[in-house]
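Student: need a 3D model of the following:
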Amino acid sequence: MPQHTNRLINATSPYLLQHAHNPVEWYEWGDEALDVARKSDKPILVSIGYSSCHWCHVMERESFENESIASVMNAHFVCIKVDREERPDVDQIYMEAVQALGVHGGWPLNVFLTSDQKPFFGGTYFSPPAWTQILENVSRAYSGNRDNIEDTAEELTKHLMRSDIGRFVDAAHNVTVETDLQAIAEKLAERFDRLRGGMSNVPKFIMPSIWRLLLRYHHLTGDNTALQQVQLTLDRIAAGGIYDQLRGGFARYSVDGDWFAPHFEKMLYDNAQLMSLYSEAFAVTASPRYREVVNETREWLEQEMTSSEGGFYSALDADSEGVEGKFYCWTAPELDKHLGSDASIVKEYYQATPGGNWEHGMNILYAVTDEDAFIAKHKISAGQWHKQLIAYKKTLLDARAPRVRPGLDDKILTAWNAMMTCGLLDAYAAFGDDKFKAMASANLRFIERNLCEGTTLFRSFKTKRSTTHGFLDDYAWYIFALIRYYQVSFDEAALLRAAEFTRVVLSQFYDPQEKYFFYTSAKSEKLIARKKEIFDNVIPSSNAIMAQNLNWLGTMMGIDEWIDQSKALVNALQTLISTEPSYMSQWAIAMIESQKGLKEVVLAGNNREQHQTLLSSFLPFATYLKASDHSNIPLVADKSPVNGRDTIFVCHKRVCQLPVHNVDQAIAQIKA
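Tutor: Below is the predicted model:
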């Protein structure tokens, strides 16, 4: 019998393609499905998930592949499948609706709408009996109790159309940035897990922007407590099961408080931010482990997550063969078989036990936290142990290679790719290794070739570009990546391109009434509400990134209007930033940059070594520019080598200190 195929067979999203053979007659979100709903007056069922979502796969197997359940769905609903990563605008609206109903959010997200897209009921995962009952109840209510449903839908829609900005914006309070920063550091310290690092909540998400904020706080104040919090967190994460001890790359979060048992999916956006975080932490501490983590993560990215054209894939599933974590875990007999006489020391180092340190007799590789004590116990030098450990890792990697691999979500998202480009460029700055810069450059070329049409960005690519226009995070991170690329390459075309796309964002996303950016462009499909993304989540707020972009570009290109807009974005949220830093850490970074101002560092001459020294120093509030006879950047127009020698000009608000020839003198001026 030929395999059933539904409309999703033509989708570009791997998640939608996974459902292309369900007996459910799925539609993609779009005019076709919405027109059918209007004409048939059927309620809409929107089911939202993503490719590496464990419970999405479970609900598909249990319910969406079930012929009898599918027949009920097809008879009574217009069924729409949405990839939340490809259509975050749709996910954003209906997640808020479900939460307004008092339901804890998550995925799969299953929401029932009227035929004109207004939500009236929803939830997350449902078991087959519960799902069948809900389908029958909703269908019966929609035909027999329509007035109540319409009233609920109308109230929810009014809620969705209210702006969050008004609730959080206030007049800027008259407090210095130093006072705000002290309050922020104290609030984060209250929530800090002093034993295991990270925040004191379970499950434990890494939240990289918090630790990047504390690195900047330490840089400004010299507060060693903040640095110790960062180091404890990064050390424990790098030793934990949340980090793939053999290949590199981080899982999404830890289900326990010890960073031990991860939810095994690996997301590009986590690893992008952690590439930046560990690189910056290396610049501050010179920890060899941080360098190792960044290099291992780059190798994982290159070997498992990079297309032949230089694009980066989105995610690896948690599951293989239907079992979460199976690809990554080991039984004690497996370790004995592959490592032979060395198995006992490796098992001790990775805390593997005969019966398994996790479920079903499996061991998660989880490194000892006191490596010095381990080395001393075994009377071996640190250098010799690390050399042996590299060999043991290779042995286990070779043994792991034939296993059934987790599923790969091979769509390429603009925002996440640009975020990873930023991570690679931060790594290049810290280490000076051209491999990082080459991958970043190739990725920017990929975006330009495949995800740009003039100054219009598109959201995603898989064998072909999707028709979905880019969202604010796509533009914001792409601009951020172009700024970072100019900082390390002095390719002026990248900086001018960043400015060009910033003008697009200002014209198509900016709300002149509330003076923040909508998540969707004025050219995007009109949904029942147009939202603004304010809070940081596992990915920083796109409005915060735009605040930084405006300040950096305004400073580097002498555009005061952009600097003022950046200040306005930050200042109106200053109370929220200082009282809720766990959810506003990227804003706090933007606040420091805005209120303290950025240094303008102009290099004149052939300062290649000086440039790399500046990049590898942790100087987060310095912008770097290159003097050139033919530059379009006003700040560098009058700068040239003094007395024929390589020269560095350190300026602030376009007022320059005396030019220097020595990079250490320049660093002292930058820090002053």
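Student: what are the buried residues along the one helix or strand in the chain whose mean pLDDT sits lowest?
Tutor: Of the helices and strands making up the chain, the lowest-confidence element is helix 165-168, at a mean of 78, by mean pLDDT, DSSP states H and E. Within helix 165-168, the residues that qualify as buried are Ile165, Phe168, counting by 16 or more other C-beta atoms under 10 Å. Placement of C-beta: from N, CA and C, glycine included.
Student: after it, next one along is what?
Tutor: helix 177-190 (DSSP states H and E).
Student: state the mean pLDDT of that following helix.
Tutor: For helix 177-190, the mean pLDDT works out to 91.
Student: hmm, who's touching that helix?
Tutor: With contact meaning C-beta atoms under 8 Å, 6 or more residues apart in numbering, helix 177-190 is reached by 210, 213-214, 217, 220-221, 223, 225-226, 229, 574, 577-579, 581-582, 588, 591-592, 595-596.
Student: among these, which ones are in strands?
Tutor: Among the contacts of helix 177-190, no member is found in strands (DSSP state E).
Student: buried subset of those residues?
Tutor: 210, 213-214, 217, 220, 223, 226, 229, 574, 577-578, 581-582, 588, 591-592, 595.
Student: list the helices and strands the least confident helix or strand of the chain packs on?
Tutor: The helices and strands touching helix 165-168, judged by 3 or more C-beta pairs under 8 Å, 6 or more residues apart in numbering; DSSP states H and E, number zero.
Student: swap in 10 Å and give it another go.
Tutor: helix 574-579 (3 or more C-beta pairs under 10 Å, 6 or more residues apart in numbering; DSSP states H and E).
Student: so for the helix it packs on, what's the average pLDDT?
Tutor: pLDDT averaged over helix 574-579 gives 92.
Student: mind checking how far it is from the chain centre?
Tutor: 23 Å (C-alpha atoms, centre = their mean, to the nearest Å).
Student: pull the CA atoms of that helix into PDB?
Tutor: Only the C-alpha atoms of helix 574-579 are listed here, as PDB (Å, rounded to 0.1, in the frame of the first residue of the first chain):
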ATOM      1  CA  GLN A 574      16.100  50.900  33.700                       C
ATOM      2  CA  THR A 575      14.000  50.100  36.700                       C
ATOM      3  CA  LEU A 576      13.100  46.700  35.300                       C
ATOM      4  CA  ILE A 577      16.700  46.000  34.400                       C
ATOM      5  CA  SER A 578      17.900  46.700  37.900                       C
ATOM      6  CA  THR A 579      15.100  44.800  39.700                       C
END
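Student: coming back round to it: and for the least confident helix or strand of the chain, what's in contact with it?
Tutor: 511, 513-516, 532, 534-535, 543, 572-573, 575-577, 580, 584 (C-beta atoms under 10 Å, 6 or more residues apart in numbering).
Student: what residues of the helix or strand Met73 falls within count as buried?
Tutor: Element membership of Met73, judged by DSSP H and E, is helix 67-76. Neighbour-count burial for helix 67-76, with 16+ other C-beta under 10 Å as criterion, is recorded at Ile69, Ala70, Val72, Met73, His76.
Student: and stretch 250-257, by the same measure?
Tutor: Phe250, Ala251, Arg252, Tyr253, Ser254, Val255.
Student: hang on, the first one packs against Lys266?
Tutor: Yes. Distance between Phe250 and Lys266: 6.7 Å, which falls inside the contact criterion (C-beta atoms under 10 Å).
Student: anything in contact with each of the two?
Tutor: In terms of C-beta under 10 Å, 6+ apart, Phe250 and Lys266 are both contacted by the residues Asp244, Thr297, Trp300.
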